[in-house]
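Peer 1: Using only what follows, build the 3D model:
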Amino acid sequence: MRSLAHFINKALEILCISILALMSILVFLNVVLRYGFNSGISITEEISRYLFIWLAFLGAVLAFNENQHVSVTVLVNKLPPFGQAILKFITDMMMLICCYLIIEGSWIQFQLNLNNFAPISGLPQGLTYFASVIAGILVSAILITRLISTIFFIFRGEVK
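Peer 2: Numbers count the residues shown, from 1 in each chain. Here you go, the predicted structure:
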């Protein structure tokens, strides 16, 4: 299970690096063409926008997986280990509910915008909403594994 999670994490890192590199190349190429040759590739703006949306959501998943998001731990740090585990369980359950709402709403928007196409690239605009569906599913999977781990440690008395 850990090797699968490690593989998915590395794949996401490589994907984010690739997206960032591609965005940088597209934008740099467009800037050089516009200022150097008075012409540009109009599709690069749309593609960069789509890639940026995907990069933001996939980066959020990576940050969440590594506990890099901003958190306020003043109250949590003052609790005993058992209390910390209970609070962690409650917050993870609340985040799982939020993930469900994000997935559901984004899926609806994805379906509604699948027939709307970007004016230049012709890509379905629903692809932008699909990024949040994928991110919601990945964060939910991380939360479920954390919940299982927390429950296991609470009932065994072995709190991290």
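Peer 1: packing partners for the helix or strand bottoming out on mean pLDDT in the chain?
Peer 2: In the chain, the helix or strand scored least confidently by mean pLDDT, DSSP states H and E is helix 74-78, which has a mean of 86. Applying 3 or more Cβ pairs under 8 Å, 6 or more residues apart in numbering; DSSP states H and E, one finds that helix 74-78 makes contact with helix 81-112. (Each C-beta comes from the backbone N, C-alpha and C, glycine too.)
Peer 1: Burial check on residue 78, number of neighbours?
Peer 2: Here the number of neighbours of residue 78 (other Cβ atoms under 10 Å) works out to 9.
Peer 1: now the helices: where do they sit in this structure?
Peer 2: With helices called from DSSP state H, the chain shows them at 2-37, 43-65, 74-78, 81-112, 126-156.
Peer 1: Quick one: closest of these to residue 119.
Peer 2: Among those, the nearest to residue 119 by Cβ to Cβ is helix 43-65 (7.9 Å).
Peer 1: What are the contacting residues of the closest one?
Peer 2: Residues outside helix 43-65 that contact it (Cβ atoms under 8 Å, 6 or more residues apart in numbering) are 9, 12-13, 15-16, 19-20, 22-23, 26-27, 29-30, 68-69, 118-121, 123, 127-128, 131-132, 134-135, 138-139, 142.
Peer 1: do stretch 31-38 as well
Peer 2: The contact list for stretch 31-38 (Cβ under 8 Å, 6+ apart) reads 39-41.
Peer 1: Compare those and tell me which is most surrounded.
Peer 2: Result: residue 40 is most packed of the contacts of stretch 31-38 (other Cβ under 10 Å), 16 neighbours.
Peer 1: Give me the phi and psi angles of that one.
Peer 2: phi -150, psi 170 (degrees, to the nearest 10).
Peer 1: Surely it and residue 27 touch.
Peer 2: No: Residue 40 is not in contact with residue 27 according to Cβ atoms under 8 Å; the separation is 10.6 Å.
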